[in-house]
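# Mind looking at a prediction? Sequence and model below.
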Amino acid sequence: MASIRSPLSAGPRGSGKAMAGPAPHIPVLLTPLLAAVAPVSGVWLDGTFGAGGYARGLLAAGAARVIGVDRDPLAFQMAASWAGDYGDRLRLVAGTFSDLDTLAGEPLDGVVLDLGVSSMQLDQAERGFSFMKDGPLDMRMSQDGPSAADLVATASESELADIIYLYGEDHASRRIAHAIVEARGRAPITTTLQLAEIVARVLPRPKPGQSHPATRAFQAIRIAVNTEFSELAEGLAAAERALKPGGKLAVVTFHSLEDRIVKRYLQLASGQEANANRYAPQKAETTARYTLVTRRAVGPDAQELAENPRSRSAKLRVATRTEAPAKSLPAADL
């Protein structure tokens, strides 16, 4: 892939999404993303607007217009001071990217999705996404609906175990779920540090360099609270419906489960799925709805890693929409 370097410093998802002003930053993998989708033109949709870095990068690279979609009201509050500078080239829409085709209201030349929680959300203790600082156990990206505290208070032990195992890939999920249920029987679990301490007490002390024992459980509960995987599956389908032939889909993921879903979707949509083994019946030919631009996931280079350690797990996948009709895939297939 061709490589271009921006004079702006790299930043993590969210906190690195503001490109103009006194302290410019760019979001994770913006440089390889712009290289992969070049030349940029027409109408694009940034389905995870955040602090606006991808949108601003696309506008600077040649997009005629960008539609910025986000479920978090804070994103648009933060953009109020600069969004007007772009006039009608930037349109902001509150909603989830699972409805991006409806929210766009027109065929698109490109769609960008930057998945997971943003740094601006992580860094605000009152949002309850992180246990680095104590805060209310919230985790809601949209700031409405049931919170993480509600989930922890009402889910059964088996439901909690399934969430932590499936969404956090934590093999101690049953032990953690049992500890949560026992603890909530004594007192409500309402803060991030409460939950982190409950999890840490039943897991081995981490070795130097290892993540906090509660990391996977927090990830899992956040994914469940925000229905992130179903949103992703529906968002990929919505992008397929919205993109013009030749339009580009670019997706940045931050953990293996997200990337697995995106990789599986693009394999199926591009007809690249291989037989499980050579003795299995040959799969029927699939009319490709995408062609792959990136055959393998693209990660950060050494410079970006040095400038932004939070980018270390980021992966970029890009594909080009064909003329084939859009097709719905059962979520179970992903």
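Received the coordinates, thanks.
# ranges for the strands of the stretch 151-300 of the chain?
243-253, 290-292 (DSSP state E, counting those that start in this stretch).
# Let's have those strands in JSON lines, adding distance to residue 260 and mean pLDDT.
The way it works is simple: take the backbone N, C-alpha and C, and place the C-beta from them, glycine included. Shown next, in JSON lines, are the strands of the stretch 151-300 of the chain (distance: least, Cβ to Cβ, whole Å; pLDDT from 0 to 100):
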{"stretch": "strand 243-253", "distance to residue 260": "9", "mean pLDDT": "98"}
{"stretch": "strand 290-292", "distance to residue 260": "16", "mean pLDDT": "98"}
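# For residue 85, which of those is the nearest?
Distance to residue 85, taken as Cβ to Cβ, is lowest for strand 243-253 among these, at 24.2 Å.
# chain center to the closest one, what's the gap?
Relative to its chain's centre, strand 243-253 lies at 15 Å (Cα atoms, centre = their mean, to the nearest Å).
# now stretch 69-85
18 Å.
# Pull out the buried positions in it.
Using 16 or more other Cβ atoms under 10 Å as the test for burial, stretch 69-85 gives 69, 70, 71, 72, 74, 75, 76, 78, 79, 82, 83.
# Next, the fifth one: secondary structure please.
For residue 74, the secondary structure call by DSSP: H, G, I helix; E, B strand; the rest coil comes out as helix.
# What separation do you get for it and residue 195?
23 Å (Cβ to Cβ, to the nearest Å).
# before we move on, what about the last one?
Residue 83 sits at a distance of 36 Å from residue 195 (criterion: Cβ to Cβ).
# among the strands of the stretch 151-300 of the chain, which is nearest residue 317?
strand 243-253 (5.3 Å).
# Let me see the contact set for residue 63.
40, 41, 42, 43, 44, 89, 109, 110 (Cβ atoms under 8 Å, 6 or more residues apart in numbering).
# I'd like those residues written out as a markdown table, with secondary structure, neighbour count and pLDDT added.
Formatted as a markdown table, the contacts of residue 63 follow (DSSP: H, G, I helix; E, B strand; the rest coil; neighbours: other Cβ atoms under 10 Å; pLDDT from 0 to 100):
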| residue | secondary structure | neighbour count | pLDDT |
| --- | --- | --- | --- |
| 40 | coil | 20 | 98 |
| 41 | coil | 14 | 98 |
| 42 | coil | 17 | 98 |
| 43 | strand | 20 | 98 |
| 44 | strand | 28 | 98 |
| 89 | helix | 13 | 98 |
| 109 | strand | 21 | 98 |
| 110 | strand | 27 | 98 |
